[in-house]
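Any chance you can model this:
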Amino acid sequence: MLKPRPEFLYIVLLPLILAAAVVLSYYTWETASRYEELGAGTIAHSTHLLVQEKVDRIERQIISADNAVFHLVDPSDPGALAERWLPLAERISPSVRAVLILRSDSLELVEYVSRAAQTEQPSFLRLFRKHIAPELDIGELEPEQLRHLHTTVNGTSYLVSYMITSYEGQTFVVAAHHDTGYIVREEFPRLVSSEEGGAYLNVVDEDSRRIFGDKMAQVADYLVGLRFPTTLYRWRLQVVPKDAALLKEQARSRELNKAGLIVLSVAILLMGVAFLLYATFQERRLSALKSDFIANVSHELKTPLSAVRMFSEMLLTQRIASDDKRKQYLEIICREAERLSSLIENVLDFAALERGKQSYAPEEADLAELVARAVETVRHRLEGTEIRVHAPEHVPRVLVDAHAVLLAIINLLDNALKYGEGTPIDVTLEVGGRELSVSVRDRGPGIPRGDVRRVFDRFYRVRRPGQQQRGSGIGLSLVKHIADAHGGRAWADNAPEGGAIVSFSVARDRSRRARATPDARLNDAREGVSS
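Model prediction:
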């Protein structure tokens, strides 16, 4: 059964993760919106309770005045109304301006008692007969049932309370005229205004013209209005929290913050997915490089071993034409054994670095002498290649691990032999103010521009079309680790005249290196591996 390729899994997985992120964002937004709606609903409910309480207070005040007045009406003695009501009017019904008793069938006036001036009473009676009396709904009115008429005449609001009462088979309509101006001036400030100071209140008519209270145009989003149910039913009381403007701004900020947090969360999720995919890709790439490394090392080990075995068997069988051939075969065996030894040493040192167990034993050494030893070590592998050493007359001794530095120089030379294509090799030793450096230059095709920064990566080898290059890909990586552990650095570049220059340096600060403990050297090596 064929297994799905990882690329196919990524192609399927990424849209699913994106879809999950979108769904998560949607439900996060919905949940946050519901919580906001719940908070807004709580504010609206509290405001509605406040409105209801204010409306009920006004309704009770007007109805209480009506009951107080109508309780004093005696149909058997209508003329006594003035004596009964006027002395008590200011206390029991301050908003009532006049009381009228009419016959229910003809609306003929039986009694009229008014607190207004004598000059005003005839004009009100004319207005009442012409505009208000026809609007009284007494056809289906039950006895002693209280009704209210709220109407506007010539731009003035009128409130009339009325009820039907009977006496000796006759029915009468008792009506009380409330002064709406008095209610607005005196009753509303006392009954409507918020004692808590936490809300704006006003009263508006059917055309939303303000009768009483504050303007609320800028905070309409949190406005709660309630019409007076039975008395001033053409008006409505409106309430809005005083911090409504702040609530509105906070709601807008929450929307922005909510959107920003969701976008940030999705971005972090996608970045995590991208990092995971990148890490997976890098791990696969590293795994492939390790596989190539094992194959290359196996090939590199097999080649010199085959040569050593073949020429050793020829020497053992005495099938050599002359002493010169015997010497040539021995040189080949020696060269391949040296090559094999160098490769095994590289692999062992690299394995120690990978495990974090590499350590260095610093001692005073002559860098020029180490360069000479390295050249002598690879001389058997030169195969006609010329090596030229350039060093100053006086090279200060430095505190280094001689074996490690010697290995680094050999790796540079081996790299130049592989990629120099038989061209002369120049080894240059330079003394600087803070460091000593060793540079190895070949005159081959050089390093491709895109590979200059990667030549020190683990398992990396420069590849050219049509060429099969030997090597394990860890030589220059070891050079970099050794240079870092000795307080130096490693770098590579192309020479202006052609060819590559690969270099490394070690620090001249002998006191710092001398104080380095084995643990510090181990940490240096570990840092080199992680880089």
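
residue ranges for the helices of this structure, please.
Counting by DSSP state H, the chain has helices at residues 6-70, 81-92, 121-127, 180-182, 188-191, 244-316, 323-355, 367-378, 402-419, 475-485, 510-515, 518-530.

averaging pLDDT over each of the ones you listed, which comes out lowest?
With a mean of 35, helix 518-530 has the lowest mean pLDDT of these.

domain parsing for this protein?
Domains of the chain are assigned by automatic domain parsing as 1-242, 358-530.

Reformat those domains as a markdown table; add distance to Ile333 and mean neighbour count.
For glycine as for every other residue, the C-beta is placed from the backbone atoms N, C-alpha and C. A markdown table is the format used below for these (distance: least, Cβ to Cβ, whole Å; neighbours: other Cβ atoms under 10 Å):
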| stretch | distance to Ile333 | mean neighbour count |
| --- | --- | --- |
| domain 1-242 | 46 | 15 |
| domain 358-530 | 10 | 18 |
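
Adding distance to Val263, write those out as JSON lines.
Output for the domains of the chain, formatted as JSON lines (distance: least, Cβ to Cβ, whole Å):
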{"stretch": "domain 1-242", "distance to Val263": "8"}
{"stretch": "domain 358-530", "distance to Val263": "34"}
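
Let me know which of these is the nearest to Leu286.
Judged by Cβ to Cβ, the one of these that comes nearest to Leu286 is domain 358-530, at 7.7 Å.

Just confirm Leu417 contacts Arg381, I think it does.
Yes - between Leu417 and Arg381 there is a contact at 6.3 Å, judged by Cβ atoms under 8 Å.

Which residue is the nearest non-sequential neighbour of the residue in the chain sticking out farthest from the centre?
Computed with Cα atoms, centre = their mean, the residue of the chain farthest from its C-alpha average is Glu168, at 84.7 Å. In space, and not counting its chain neighbours, Glu168 is closest to Ser76: 7.7 Å by Cβ to Cβ, 6 or more residues apart in numbering.

I'd like to know how far the one you found sits from Ala176.
19 Å (Cβ to Cβ, to the nearest Å).

before we move on, what about Ser253?
Distance, Ser253 to Ala176, by Cβ to Cβ: 53 Å.

Just the CA atoms of the longest strand along the chain, as PDB, please.
What stands out as the longest strand in the chain, according to DSSP state E, is strand 156-167. Taking Å, rounded to 0.1, in the frame of the first residue of the first chain, the C-alpha atoms of strand 156-167 are listed here in PDB:
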ATOM      1  CA  THR A 156     -51.500  73.700  23.700                       C
ATOM      2  CA  SER A 157     -51.600  70.400  25.500                       C
ATOM      3  CA  TYR A 158     -54.700  69.600  27.600                       C
ATOM      4  CA  LEU A 159     -55.200  66.800  30.100                       C
ATOM      5  CA  VAL A 160     -58.800  66.000  31.200                       C
ATOM      6  CA  SER A 161     -59.700  63.300  33.600                       C
ATOM      7  CA  TYR A 162     -63.400  62.200  33.600                       C
ATOM      8  CA  MET A 163     -65.800  59.600  34.900                       C
ATOM      9  CA  ILE A 164     -69.500  58.900  35.000                       C
ATOM     10  CA  THR A 165     -71.600  59.000  38.200                       C
ATOM     11  CA  SER A 166     -75.300  58.400  38.700                       C
ATOM     12  CA  TYR A 167     -77.900  60.000  41.000                       C
END
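
list the helices and strands that strand packs on?
When contacts are defined as 3 or more Cβ pairs under 8 Å, 6 or more residues apart in numbering; DSSP states H and E, strand 156-167 sits against helix 6-70, strand 147-153, strand 170-178, helix 180-182.

Which secondary structure elements does the third one sit against?
Same thing as strand 170-178. helix 6-70, strand 96-103, strand 156-167.

Ok, which of the ones you listed comes nearest Arg388?
Closest approach to Arg388 among those (Cβ to Cβ): helix 6-70, 49.9 Å.

So Gln121 sits against Leu109, correct?
No - counting by Cβ under 8 Å, Gln121 sits too far from Leu109 to count as a contact (11.7 Å).

Just want to check the distance between Val398 and Ala365.
Applying Cβ to Cβ to Val398 and Ala365 gives a distance of 7 Å.

How about Val174?
Remark: distance between Val174 and Ala365 (Cβ to Cβ) = 126 Å.

And for Val224?
Distance from Val224 to Ala365, by Cβ to Cβ: 90 Å.

didn't Phe456 look like it was pressed against Ala483?
No - in this structure, Phe456 is not within contact of Ala483 by Cβ under 8 Å, at 9.4 Å.

Between these two, which contacts overlap?
Common neighbours of Phe456 and Ala483, counting by Cβ atoms under 8 Å, 6 or more residues apart in numbering, are Ala490.

quick one on the thing from earlier: average pLDDT for the longest strand of the chain, rounded please.
On average, strand 156-167 scores 92.

what's next to stretch 83-103, contact-wise?
With contact meaning Cβ under 8 Å, 6+ apart, stretch 83-103 is reached by 61-62, 65-66, 68-69, 72-75, 78, 81, 108-116, 121, 124, 128, 133, 170-179, 182-183, 186-187.

Recalculate using a threshold of 7 Å.
Here stretch 83-103 makes contact (Cβ atoms under 7 Å, 6 or more residues apart in numbering) with 62, 65, 68-69, 72-73, 78, 81, 108-116, 124, 128, 172-179, 182-183, 187.

Skipping adjacent residues, who's closest to Gly488 in space?
Ser505 (3.7 Å).

so what's the one you found bridging to?
Here Ser505 sits in beta bridges with Ser437, as judged by DSSP bridges.

and it, what is it in contact with?
Glu435, Leu436, Ser437, Ala483, Gly488, Arg489.

How much space separates it from Ser439?
Distance from Ser505 to Ser439, by Cβ to Cβ: 9 Å.

Equivalent analysis for Asn257, please.
58 Å.

What of Leu146?
Taking Cβ to Cβ, one finds Leu146 at 112 Å from Ser439.
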